[in-house]
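**Q** Sharing a sequence plus its predicted fold:
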Amino acid sequence: GTDFAHDGTVLISERLLPDYFPWRNQNGEPLGVVDIGLVKAKPKTDLVALCNQLRHLAPEQIEVYRTADLIHQELRFWSRSTPIGVIFGIGTIMGLVVGAIICYQIQFTDITDHMPEFATLKAMGYRPGYFWSVILCQSFYLACIGFVPGAALAWGLYSLLAEASGLIMQMTLGRLALVWLLTLVMCLLSGVLAIRKLFRTDPASLF
């Protein structure tokens with residue numbers, strides 16, 4: 001399949017390898033140059049001990065990983081050490097910053113527009129906890145309303161990108177949960193910043 005570095009991968013036999021890729025080894029030995037080797041272990045094998053044993057055979061020439069560790073290292077490499085990973089990281093941070101500013105403006109404007117009503121409630125003796133509950137509930141509803149169409153749009157864009165580029169784009173439940181959590185934190189933080197105007201205002205000055 002396609003990835004960010006290659007257009008595809010082909011599996012061929014050891015006998016055909018020197019015919020199609022002669023530059024891999026000038027001596028004509030297809031296994032003379034190896035990038036990745038796969039070792040199949042028997043069931044109930046201590047994989048950590050096996051990795052250490054293989055690593056000691058040539059500690060300066062080979063690296064041995066379990067499958068899960070290799071996948072984690074590949075993901076970390078693409079997300080931290082490549083331009084495409086840095087671009088995605090910056091895009092995520094910028095999305096959070098812009099989203100927080102928009103949410104702050106929405107809630108700040110709403111509080112400003114309803115200051116007479118909030119002042120009346122403060123004058124009637126409503127405690128700060130009531131206003132906290134109102135603003136934080138509003139932040140929660142804002143996160144829900146924004147997340148649902150955003151997730152649906154992202155799902156459609158994933159499908160379009162996968163079909164156009166050949167890359168495997170998967171919207172997993174874990175990724176959705178992470179985005180939902182970040183969206184909720186972003187909206188709650190915006191609400192906490194916006195509510196300061198309410199507590200700084202003297203109710204008597206509004207009448």
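**A** It's in.
**Q** Leaving out the residues flanking it, which one is nearest to Y20?
**A** I12 (6.6 Å; CB to CB, 6 or more residues apart in numbering). The C-beta positions use only the backbone N, C-alpha and C, and glycine is treated the same way.
**Q** Just say helix, strand or coil for that neighbour.
**A** Using DSSP: H, G, I helix; E, B strand; the rest coil as the criterion, the local structure at I12 reads coil.
**Q** Give me the packing partners of the helix or strand V98 falls within, helices and strands only.
**A** Assigned by DSSP states H and E, V98 belongs to helix 83-113. Judged by 3 or more CB pairs under 8 Å, 6 or more residues apart in numbering; DSSP states H and E, helix 83-113 is in contact with helix 67-80, helix 128-165, helix 173-194, helix 196-200.
**Q** most packed of those?
**A** Comparing the helices and strands packed on helix 83-113 by mean neighbour count (mean count of other CB atoms under 10 Å), helix 173-194 comes out on top with a mean of 16.
**Q** What is that helix packed up against?
**A** helix 83-113, helix 128-165.
**Q** and the shortest one with helix 128-165, angle?
**A** Spelled out, it's helix 83-113. For helix 83-113 against helix 128-165, the angle by axes from the mean of the first three to the mean of the last three CA atoms, to 10 degrees is 150 degrees.
**Q** chain center to helix 83-113: distance?
**A** From the chain centre to the centre of helix 83-113 is a distance of 15 Å (CA atoms, centre = their mean, to the nearest Å).
**Q** Show the average pLDDT along that helix.
**A** Helix 83-113 carries an average pLDDT of 89.
**Q** Kindly calculate the angle that the helix holding V98 makes with helix 67-80.
**A** 70 degrees.
**Q** right, and the helix or strand after helix 83-113?
**A** Sequence order places helix 115-123 as the next helix or strand after helix 83-113, per DSSP H and E.
**Q** Next, the buried residues of that next one.
**A** By 16 or more other CB atoms under 10 Å, the buried positions in helix 115-123 come out as M115, F118, A119, L121, K122.
**Q** I'd like to know which elements that helix is packed against.
**A** If you count contacts as 3+ CB pairs under 8 Å, 6+ apart, helix 115-123 packs onto helix 128-165.
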